[in-house]
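Peer 1: curious how this folds, go ahead:
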Amino acid sequence: MSKLQDQVALVTGSSRGIGAAIAARLAAEGARVAVHGRDRPALEAVTARIRQAGGTAEGLAADLTDLVQIEAMRERIEATLGPVDILVANAGGSPVRPGPVEDLSEEDWRTSVDANLTATFLTVKSLLPGMKQRRRGAIVTMSSAASRRPTAMSPIAYVAAKAGIEQFTRALALQVGSAGIRANCVSPETILTDRNLVEIPPDVQEMLRGQHPIARLGTPDDVAEAVLFLVADSASWITGVVLDVAGGSVLA
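Peer 2: Modelled structure (predicted):
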């Protein structure tokens, strides 16, 4: 039997990149997957690929900084796919370019924190009551290696938000374990998404490879496999961990 047969998964930020790979991998293991994003053509494309591969998927759009929209999305998932067993809070990113703290506007700080930490909090807040009622659930949040090993080029608000997600996840695991719910965090390093393949010049990719004990950069599938491990029953006694998917680059 497939690892996630008859389970329902919501993967936020899954219309492209890492999120799309996670959604496809969970669907391949039998989960009915809610694919989330704001770019409707991209959302429809991911949903169509999952269905063509024999999986079950529903595409949904919502602003994850707005609890009202998240609640509406949850209700639609429950009506079309069923109650959510698995939440992968993948949505995030850095909407602000790196720079000195004194040049960072308050608006840009709040935008970065909201897109990552606040969106994670609100999504968990919406899904958690149902999981507690059913006494079952697996939550995976998404951090970044930059949270513990920032560089001069790391956007500082993004770094702070991702570090916050890691601590939020640990505290969440303590709160919800007795209700049969697990919460873990995945922390990738440089991942060669389609976007990064275009935006990171080949010479920079080569330089980055040299910074990893496993001398290659990560792929979206590397992250998807880590998420699958954490949400499946084979990890039923694992909670509160931050799992580096980083080729060994975060060792200290």
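
Peer 1: tell me where this protein has strands.
Peer 2: 8-11, 32-36, 56-60, 86-89, 137-142, 181-188, 242-245 (DSSP state E).

Peer 1: put together TSV for those strands, with mean neighbour count and mean pLDDT on each row.
Peer 2: All C-beta spots, glycine's among them, are computed from the backbone N, C-alpha and C. Formatted as TSV, the strands of the chain follow (neighbours: other CB atoms under 10 Å; pLDDT from 0 to 100):
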stretch	mean neighbour count	mean pLDDT
strand 8-11	28	98
strand 32-36	29	98
strand 56-60	20	97
strand 86-89	28	98
strand 137-142	26	98
strand 181-188	24	97
strand 242-245	19	95
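
Peer 1: want to try a markdown table for the ones you listed, with distance to residue 213 as columns?
Peer 2: Converted to a markdown table, the strands of the chain look like this (distance: least, CB to CB, whole Å):
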| stretch | distance to residue 213 |
| --- | --- |
| strand 8-11 | 29 |
| strand 32-36 | 33 |
| strand 56-60 | 36 |
| strand 86-89 | 27 |
| strand 137-142 | 23 |
| strand 181-188 | 15 |
| strand 242-245 | 12 |
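
Peer 1: residue 194: how many residues sit nearby?
Peer 2: Residues near residue 194, counting by other CB atoms under 10 Å, number 11.

Peer 1: my read: it touches residue 18, true?
Peer 2: No - assessed by CB atoms under 8 Å, residue 194 is found out of contact with residue 18, at 10.7 Å.

Peer 1: thinking again about what came up before, which of the strands of the chain sits closest to residue 118?
Peer 2: Of all the strands of the chain, strand 86-89 sits nearest to residue 118, with 11.2 Å by CB to CB.

Peer 1: what pairs with that closest one, parallel or antiparallel?
Peer 2: Using DSSP bridges, the strands paired with strand 86-89 are strand 8-11 (parallel), strand 137-142 (parallel).
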